[in-house]
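Engineer: got a sequence here, can you build the structure:
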Amino acid sequence: MKDTIRKAYRGYGFIKNAALDDGQLDQLIAFFGAGTRPSAGKLGGRRQMPAVRLDRIGRVVIKCYRRGGLIGMFNRRYYMRAGVTRSEKEFEWLTRVRKLGINAPEPIAAAHRGALFYRCWLVTREVADAVSLAQLHSGPRAALDATIQDCNRQASILMGNSILHPDLHPGNVLVDAAGQTWFIDFDKAAIYRGRRPRLASRYRQRWLRAVRKHDLAPELAAMMHFE
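Structural biologist: Predicted coordinates:
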């Protein structure tokens, strides 16, 4: 990542946009200590704080990684270090897919605290006035058609580059006030080594499972092709 730098600061490890100075890092550290709430843009999963204003950057969203499932009942905050941190991985994936033409939030910084066991955060520029596709599904059909068409276009880009986004579902697609479609939550993304039809099937199954589980509009399933 040529446009970013690594920096150890006040007990935190940062990967950041080169424009961030120490004062902005102090702001972020203070935000990391604030409370979190479930993200309105997803059907569950990670937690994020409400958007906050970062000096000279504007409104940003801070994603706080916490474990779910059985392990999360005993250990919600800490991950064991095995290679890059969860936030660094998502920072790298956001940078990568944006270069491919995917509309994904601009990564501002990734941070972690701890060595073998760590906590971590991701800072991205806010997608202003956005709602998830899961929230939009009962809206005007014309708007839904345009959004699904763009989802198909962006999913095709991912599949054409052998990228699996295993959490791509209507809750992880944001639609802003201008009707622009954004894909989020790339921390589990990976290169897929199989053939494209099998990759498309993985996408289709995950999408359909979310539509059925959360009783969303059937059109959300019928209009997504994943080809």
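Engineer: okay, and the beta partners of the closest residue to Trp121 other than its chain neighbours?
Structural biologist: Nearest non-adjacent residue to Trp121, counting by CB to CB, 6 or more residues apart in numbering: Ala111, 4.9 Å away. All C-beta atoms are positioned from the backbone trio N, CA, C, and that covers glycine. According to DSSP bridges, the partner residues bridging Ala111 are Phe14, Trp121.
Engineer: and the pLDDT at Ala111?
Structural biologist: Looking at Ala111, its pLDDT reads 98.
Engineer: burial count for it?
Structural biologist: For Ala111, the neighbour count with other CB atoms under 10 Å is 26.
Engineer: surely it and Tyr12 touch.
Structural biologist: Yes: Ala111 lies in contact with Tyr12 (CB atoms under 8 Å); the separation is 5.1 Å.
Engineer: shared neighbours, those two?
Structural biologist: Common contacts of Ala111 and Tyr12, defined by CB atoms under 8 Å, 6 or more residues apart in numbering, comprise Phe32.
Engineer: centre-most residue in this protein?
Structural biologist: For the chain, the residue nearest the mean C-alpha position is Asp185 (2.1 Å; CA atoms, centre = their mean).
Engineer: how does the chain divide up, domain by domain?
Structural biologist: Following automatic domain parsing, the chain resolves into domains at 4-125, 131-222.
Engineer: what's the longest helix in the chain?
Structural biologist: Criterion DSSP state H: the longest helix present in the chain is helix 141-160.
Engineer: what about whichever helix or strand comes after it, distance to the chain center?
Structural biologist: For helix 141-160, the following helix or strand on the C-terminal side (DSSP states H and E) is strand 163-164. How far strand 163-164 lies from its chain's middle: 14 Å, per CA atoms, centre = their mean, to the nearest Å.
Engineer: what does the following helix or strand past strand 163-164 rub up against?
Structural biologist: Downstream of strand 163-164, the next assigned helix or strand under DSSP H and E is strand 173-175. Strand 173-175 is touched from outside by 41, 127, 130-134, 136, 143, 147, 151, 181-184, with contacts defined as CB under 8 Å, 6+ apart.
Engineer: tell me the pLDDT of Val211.
Structural biologist: Looking at Val211, its pLDDT is 94.
Engineer: number of residues surrounding Arg77?
Structural biologist: Arg77, neighbours per other CB under 10 Å, totals 14.
Engineer: for Asn17, state which of the contacts of strand 173-175 is nearest.
Structural biologist: Nearest to Asn17 out of these is Val127 (CB to CB; 17.2 Å).
Engineer: thought that closest one was touching Asp176?
Structural biologist: Yes: Val127 is within contact range of Asp176, at 5.5 Å (criterion: CB under 8 Å).
Engineer: common neighbours of those two, please.
Structural biologist: Here Val127 and Asp176 share the contacting residues Trp182, scored by CB under 8 Å, 6+ apart.
Engineer: coming back round to it: could you look up the SS state of the residue nearest to the centre of the chain?
Structural biologist: Classification of Asp185 using DSSP: H, G, I helix; E, B strand; the rest coil returns coil.
Engineer: distance check, it against Asp176.
Structural biologist: Distance, Asp185 to Asp176, using CB to CB, to the nearest Å: 16 Å.
Engineer: likewise for Ile102?
Structural biologist: Applying CB to CB to Ile102 and Asp176 gives a distance of 15 Å.
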